[in-house]
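Visitor: When you get a sec, could you give me coordinates for this:
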Amino acid sequence: MKRKSARQIEAIEADLLLLLLRERYGYDFSGYGRASLIRRLRQVVETCQAGSLVELLPALLRDEQVAQKAINMLSVPVSEFFRDPPVWKCLREQVMPELDSFPRINVWQVGCGYGQESYSLAILLHECGLAYKARMITTDINADLLQVARHGCWPADQFAQWRANYFAAGGSACFDDYFVCNGHDGNMTMAIRAESLQAMEFVEHNLVTDDAFLETQLLICRNVLIYFGAALQARALDIFARSLQRGGFLVLGSTESILNREDTWAPLQAGLRIFRKTMARAK
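Guide: Coordinates of the predicted model:
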C-alpha cells in the first residue's frame, strides 16, 4: 500500500469537506484557487478548534451554525468602489434613465461585502437625481460584514483606485467630497459622508433559506452565485424573478450568467451581465 504524505492527506480531506458543503448545503467552492482555499480551510479548523479537516466533518454535517461559520470564512468578499467601471457606466447611462420612469424605486443589493458597492449605488442614485424616491436594501448572510458595511469606514490604501474607478464609470463630481479622511501616515481611513446620501437598510438575508421579501426595480447580485451549485443558482434566480417588477433590472457578476431563462430575462448588456426582466410574466 502506497503511503500518502501529510499534504496529500490534507488535499483528500479538503475534497471531502467541499463535497459535504456542496451536497449538504448547496455551496460550491470548488472553483477557488487551491492554495488560497487550503489556507482558509486551515483557518476554519483553527477557529472551530478541530484537530484536522476530517475531524470537522461531523460538526459540519450536523450543525448548521458551524457550517454557516465555515461558509462565511470561505466566501471571500471582493469589493471596491465602482469596481468594473463599464458596468457602472452602463448603469448610469442606460439603467438609471429607465428607472426614472418608475414612481418609486426599490434597490436590492445582495452580498454587501465590506460596503463599497452599496455606497457606490447610493452615490450613483444621488448623482442621477433618483435618491429622493429610492429605497436601498443591502443584504448579506454574514452579520459581521453587515456591521462593517453599515459603519462605512475603510483603510485608505485603495482610495486612489476607487477614485479612478469613479471617473472611469462616468462620474464627474469631486469623489473625495463623499468622504472624511481620518488618522495619519499608515493608519488613514476613509469614512463615507452618509448624511449626504439617502438612508440605507442593512438586513440579514440568506438566499439558501430565505425567500423574496419586497418588490424591487433594480437588483444587484455580483459574485454571489459563483459560490452556488446549479440547484441553488436556480433557486436564487427564481427569487430574483419574483422580486423584480416587470421591466426591472438584474445585474450579475462578470463570471455569472443566466441559462435557459429567455422567457424571463432579456440582456441589456450581456457582456456586462446586465439583464432586464421581460414584460411577459415569469413562469
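Visitor: Next, name the residue at the spatial heart of this structure.
Guide: Closest to where the C-alpha atoms of the chain average out (Cα atoms, centre = their mean) is G111, at 3.1 Å.
Visitor: For that residue, which non-adjacent residue is closest in space?
Guide: Taking Cβ to Cβ, 6 or more residues apart in numbering, and ignoring the residues beside it in sequence, G111 has V224 as its nearest neighbour in space, at 4.2 Å. For every residue, glycine as well, the C-beta is placed using N, CA and C.
Visitor: cool, and F82?
Guide: Distances taken as Cβ to Cβ, 6+ apart put N165 closest to F82, at 3.8 Å, once the chain neighbours are dropped.
Visitor: Now for that neighbour, how many residues are close by?
Guide: Applying the criterion other Cβ atoms under 10 Å, we find 21 residues in the vicinity of N165.
Visitor: measure it to I123 for me?
Guide: In this structure, N165 lies at 11 Å from I123, with Cβ to Cβ, to the nearest Å as the measure.
Visitor: Count the neighbours of the closest residue to F213 other than its chain neighbours for me.
Guide: Among residues not flanking F213 along the chain, H205 sits closest, at 7.2 Å (Cβ to Cβ, 6+ apart). When neighbours are counted by other Cβ under 10 Å, H205 registers 19.
Visitor: residues contacting H205?
Guide: Each residue near H205 by Cβ atoms under 8 Å, 6 or more residues apart in numbering is listed here: 110, 139-141, 213.
Visitor: Now with 10 Å, please.
Guide: The contact partners of H205, by Cβ atoms under 10 Å, 6 or more residues apart in numbering, come to 108, 110-111, 137-141, 146, 211-213, 239.
Visitor: what do N165 and I123 both touch?
Guide: The contact lists of N165 and I123 share 81-82, 88, 171, 175, where a contact means Cβ under 10 Å, 6+ apart.
Visitor: Now compare those and name the two farthest from each other.
Guide: Greatest spatial distance among the shared contacts of N165 and I123 (Cβ to Cβ): W88 and F175, at 12.5 Å.
Visitor: Can you give the contact residues for stretch 35-51?
Guide: By Cβ under 10 Å, 6+ apart, the surrounding residues in contact with stretch 35-51 are 7, 10-11, 13-14, 17-18, 29-33, 52-60, 63, 66, 69-76.
Visitor: Counting neighbours, which of the residues you listed end up buried?
Guide: The neighbour count (16 or more other Cβ atoms under 10 Å) marks 10, 13-14, 17-18, 29, 32, 53-54, 56-57, 60, 66, 69-72, 74-75 as buried among the contacts of stretch 35-51.
Visitor: Touching, the residue nearest to G111 and S75? I think so.
Guide: Yes: proximity of V224 to S75 meets the contact threshold set by Cβ atoms under 10 Å, at 8.4 Å.
Visitor: what's the overlap in contacts for these two?
Guide: Taking Cβ under 10 Å, 6+ apart as the contact criterion, the residues that touch both V224 and S75 are 111, 113, 140-141.
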